[in-house]
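Visitor: 3D, please:
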Amino acid sequence: MNVCFATTTLVATPSWLIRTTTALALGAALILSTGSAGFAEDLPPGISPRGEATDFVGHVARINATDAFIDAYGKLEDDHPVINLNFLKFRPLRDGTSYGKYGEVAGKEIAAVGGGIVHAGLGITDASEIYGFSSEWDEVAFALYPRKRAYIQLQTDKDYQLAIPDRVAGTYRRMLYAISDGETIFDATESVLGYHENGTLTSVEKGNVVLSEFLKFKEDGGRETYMEFAKAFEPMLKEAGGHIALSLNAEFPIVSQDYWDHFVAIVFPSREAMETLLTSDAFLEINIDRLNALERNLAVAANAAVLTE
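Guide: Below you'll find the predicted structure:
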């Protein structure tokens, strides 16, 4: 499956990226290695640099997993399926052509190691600021793997490696995080294990909007305060025709500027329903608890793609 649903607005691609992408196509070993050796050596495994890249090395450090990450990831407990959740910002702006070439190959190779794309959506870049949406992301994709070692195995596949230059050329920034079943906050309708055992996808219909949100709780009672918000929010969401699809443990960063505690996927019947609820007086009243509970969050709203199994 091609998970790229970008629009066609274009901006100029920097000359340094054109030159280095050409070098990669000719077989530059730097990117065709398992990870990105030597990039961001002073950062913990899975944590990517902040700020804008000023050269190609910095660009790659914001996109590819490092060898240090692969080593650390391989040492983690590996007895359950995981989702690697992607937030993608395309290069050129809003144009997923290059990334789509990578996506065609990646979809096949993920399936070959027993995984698959269980959800994808086109990012909404002009959503209301009331909730604190991040408007920079063009696409969201949930990639399911039966075990962490399947993801590591994927990195050594020749066809997958040969597609990595298209990912590098077609991505301005990427946020990739491993999420898994664990202690829930919401009464979610789906789970990572359910996707894996039943071969199901995220349940969405045409016109649905999915809010994907990472949460970092304040150390002093943040989780408990957020749970109070959750209790009040779920009935409101149900009344608006939506539901909580996933409430998961944010397990480990792969390419991320931050560590996160929890992940939630909220399905709304439409963008109008989402914005009506999130700007209502009732929501704004309970949102005080949400804001008081969080040290930070990363929320991306996306128009859901209806995938086929």
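
Visitor: check contacts around the closest residue to Y226 other than its chain neighbours.
Guide: Closest residue in space to Y226, ignoring its immediate chain neighbours: A293 at 3.7 Å, by CB to CB, 6 or more residues apart in numbering. Backbone N, C-alpha and C define where each C-beta goes, glycine included. Under the criterion of CB atoms under 8 Å, 6 or more residues apart in numbering, the neighbours of A293 are 217-218, 221-226, 229.

Visitor: among the residues you listed, who's most crowded?
Guide: Neighbours here are counted as other CB atoms under 10 Å. On that basis the top member of these is Y226, with 25 neighbours.

Visitor: is it true that it lies in a helix?
Guide: Yes - looking at Y226 with DSSP: H, G, I helix; E, B strand; the rest coil, it is inside a helix.

Visitor: any idea how far the residue nearest to Y226 is from I286?
Guide: Here A293 is placed at a distance of 11 Å from I286 (CB to CB, to the nearest Å).

Visitor: between these two, which contacts overlap?
Guide: F229.

Visitor: just want the most central residue of this structure.
Guide: In the chain, the C-alpha closest to the average C-alpha coordinate belongs to N86, at a distance of 2.5 Å (CA atoms, centre = their mean).

Visitor: residues in contact with it?
Guide: N86 neighbours (CB under 8 Å, 6+ apart): 139-143, 174-176.

Visitor: a helix runs through it, doesn't it?
Guide: No - looking at N86 with three-state DSSP, it is strand, so not inside a helix.

Visitor: can you check the pLDDT for it?
Guide: On pLDDT, N86 comes in at 98.

Visitor: can you check D42 too?
Guide: For D42, the model assigns a pLDDT of 75.

Visitor: would you list every one of the strands in this protein?
Guide: 82-90, 116-123, 139-145, 171-180, 209-217, 243-255, 262-268, 294-304 (DSSP state E).

Visitor: okay if I get those as TSV plus distance to A72?
Guide: As requested, the strands of the chain are exported to TSV (distance: least, CB to CB, whole Å):
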stretch	distance to A72
strand 82-90	14
strand 116-123	25
strand 139-145	16
strand 171-180	11
strand 209-217	20
strand 243-255	8
strand 262-268	20
strand 294-304	22
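
Visitor: those strands: which one's closest to D55?
Guide: strand 171-180 (14.4 Å; CB to CB).

Visitor: paired strands for the closest one, with orientation please.
Guide: strand 82-90 (antiparallel), strand 243-255 (antiparallel) (DSSP bridges).

Visitor: quickly compare the ones you listed and say which is most buried.
Guide: Highest mean neighbour count of the strands paired with strand 171-180: strand 82-90, a mean of 25 (counted as mean count of other CB atoms under 10 Å).

Visitor: turn the strands paired with strand 171-180 into JSON lines, columns for distance to N198.
Guide: Listed next are these as JSON lines, based on distance: least, CB to CB, whole Å:
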{"stretch": "strand 82-90", "distance to N198": "15"}
{"stretch": "strand 243-255", "distance to N198": "14"}
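
Visitor: still on that earlier bit, farthest pair in the contacts of N86?
Guide: Maximum pairwise distance in the contacts of N86, criterion CB to CB, is 14.3 Å, between F142 and R174.
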